[in-house]
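Student: curious how this folds, go ahead:
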Amino acid sequence: MQAEIPIQVAGAVVAIGFYFLPALVADRRHRHDALTIALFNALFAWTGIGWLLTLYWACQPNPSPDVVNEIHANRRGHSMRIFSAGLVERVQRRIVAQERWTHKHHSHHSPH
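Tutor: Purely as a prediction, here's the structure:
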């Protein structure tokens, strides 16, 4: 009975270490979001797929520290391209309409 206790404790330590392996990997890899990964690990690793996804996440490289600004800049650039294209289209339609109006009014006023 006494000999079983250290084996059970060792087994529990190994099981807990394995369960939190993704969080340990994130910490060792100096992930900026290691705490988030550890929380995700604690909450979802029991599902099995949660453990695999957390381990995969922990093995990914750190995202660019400026990733939020990059996303905003990309969105802004995309929005500006859409706005510019719409503006060019409106100007082109206005030019065509103005040319039609000018042509129509000049053809009424010119002698035949």
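Student: for this protein, where's the lowest mean pLDDT among helices and strands?
Tutor: The helix or strand of the chain with the lowest confidence, counting by mean pLDDT, DSSP states H and E, is helix 67-109 at a mean of 83.
Student: which strand or helix spans the closest residue to residue 38 other than its chain neighbours?
Tutor: The spatially closest residue to residue 38, leaving aside those adjacent along the chain, is residue 23, at 3.8 Å (Cβ to Cβ, 6 or more residues apart in numbering). C-betas here are computed from N, CA, C, even on glycine. Mapping residue 23 onto the secondary structure by DSSP states H and E places it in helix 21-28.
Student: show me what counts as buried in that helix.
Tutor: Across helix 21-28, burial judged by 16 or more other Cβ atoms under 10 Å covers 21, 22, 23, 24, 25, 26.
Student: now stretch 86-102
Tutor: Of all the residues in stretch 86-102, not one is buried under the rule 16+ other Cβ under 10 Å.
Student: related to what we said a few turns ago, who's in contact with the residue nearest to residue 38?
Tutor: By Cβ atoms under 8 Å, 6 or more residues apart in numbering, the residues touching residue 23 are 34, 37, 38, 41, 42, 54, 58.
Student: now these in JSON lines, with secondary structure, distance to residue 88 and neighbour count?
Tutor: Listed next are the contacts of residue 23 as JSON lines, based on DSSP: H, G, I helix; E, B strand; the rest coil; distance: Cβ to Cβ, whole Å; neighbours: other Cβ atoms under 10 Å:
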{"residue": "34", "secondary structure": "helix", "distance to residue 88": "48", "neighbour count": "20"}
{"residue": "37", "secondary structure": "helix", "distance to residue 88": "46", "neighbour count": "23"}
{"residue": "38", "secondary structure": "helix", "distance to residue 88": "51", "neighbour count": "19"}
{"residue": "41", "secondary structure": "helix", "distance to residue 88": "51", "neighbour count": "26"}
{"residue": "42", "secondary structure": "helix", "distance to residue 88": "53", "neighbour count": "15"}
{"residue": "54", "secondary structure": "helix", "distance to residue 88": "48", "neighbour count": "26"}
{"residue": "58", "secondary structure": "helix", "distance to residue 88": "47", "neighbour count": "23"}
